[in-house]
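In: Here is my input, please return the structure:
(one chain, ligands or ions: 1)
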Amino acid sequence: MELHVRYEGNDDPEKCTARRLAKFDEAALHRSTRATPPGIVLNPFAERALSPADSDESRLVALDCSWETAEAEAFDLAGSQRSLPFLVASNPINYGTAFQLNTVEAFAGALCILGERTQAERVLSHFSWGQTFLDLNEEPLKRYADCADSSDVIAIQDEYLAD
Ligand SMILES: C[S@@+](CC[C@H](N)C(=O)[O-])C[C@H]1O[C@@H](n2cnc3c(N)ncnc32)[C@H](O)[C@@H]1O
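Out: Purely as a prediction, here's the structure:
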């Protein structure tokens, strides 16, 4: 799966996970919306949740920006807009926070749901806390990956949210 990032560059470059992915040739950074190729756009505001039904796509696109500027309009990128279901961040900045993942966590979660677990492990291997993301989310990631479509994913997410 190709990984692409619309890179706004308004977050701390030292902590930016998209820059680190690019450094290891795991993702391509794009400095403008026009230069960003279409794909599955990982958008926390999207109505439809990502599911294995999306696995015929060959590109994932994330928007790397500060959460302070991550408003709905910022995700106006070409492609199919998808939100990620309930998953918990493992990075030291947002550890334990649901839904607000950083860019590599969002890519890894999406890759697992789309059946690309080996690539998810590889992108996370560049971060000291990367494996923790898979450990913390092991059960939901496996259950989402076994779903047929977005409504199945939402039904499982609702079980976690009800707990
Ligand atoms: C707001 S940026 C923050 C990036 C952070 N500065 C870093 O260094 O990784 C994280 C991006 O990951 C994706 N993302 C995070 N949580 C998501 C969710 N619940 N659903 C869909 N995409 C999500 C989005 O593309 C979002 O813009």
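In: and this structure, which residues reach the ligand?
Out: Contacts of the chain with the ligand, taken as C-beta under 6 Å from any ligand atom, map to 11, 15-18, 42-44, 62-65, 67, 70, 83-84, 99-103, 106. All C-beta spots, glycine's among them, are computed from the backbone N, C-alpha and C.
In: Of these, grab the buried ones for ChimeraX.
Out: This is the ChimeraX syntax for the buried subset of the residues of the chain next to the ligand, where burial follows 16 or more other C-beta atoms under 10 Å:
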select :11,16,17,18,42,43,44,62,63,64,65,70,83,84,101,102,103,106
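In: Filter the residues of the chain next to the ligand down to the ones in helices?
Out: Mapping those onto helices (DSSP state H) picks out 17, 18, 103, 106.
In: which of the residues you listed sit farthest apart?
Out: Spatial extent of these (C-beta to C-beta) is set by the pair 18 and 106 at 10.0 Å.
In: thinking again about what came up before, out of the ones in helices among the residues of the chain next to the ligand, which one sits closest to residue 129?
Out: Of all those, residue 129 sits closest to residue 17, with 10.5 Å by C-beta to C-beta.
In: Return the distance of the nearest residue to the closest one once chain neighbours are set aside relative to residue 38.
Out: Nearest in space to residue 17, with sequence neighbours left out and distances taken as C-beta to C-beta, 6 or more residues apart in numbering, is residue 104 at 4.1 Å. Between residue 104 and residue 38 the distance is 21 Å, computed by C-beta to C-beta, to the nearest Å.
In: try residue 57
Out: Separation of residue 57 from residue 38 (C-beta to C-beta): 9 Å.
In: same thing with residue 81?
Out: On the measure of C-beta to C-beta, residue 81 and residue 38 end up 11 Å apart.
In: for residue 140, what are its contacts?
Out: With contact taken as C-beta atoms under 8 Å, 6 or more residues apart in numbering, residue 140 is in contact with 85, 86, 87, 156, 157, 160.
In: rerun that using 7 Å as the cut-off
Out: Contact partners of residue 140, counting by C-beta atoms under 7 Å, 6 or more residues apart in numbering, are 86, 87, 156, 160.
In: name the element it belongs to?
Out: Counting by DSSP states H and E, the element that carries residue 140 is helix 138-145.
In: now the following helix or strand past that helix: mean pLDDT?
Out: Helices and strands here follow DSSP H and E; after helix 138-145, the next one along the chain is helix 150-162. Confidence over helix 150-162 (mean pLDDT, whole number) is 97.
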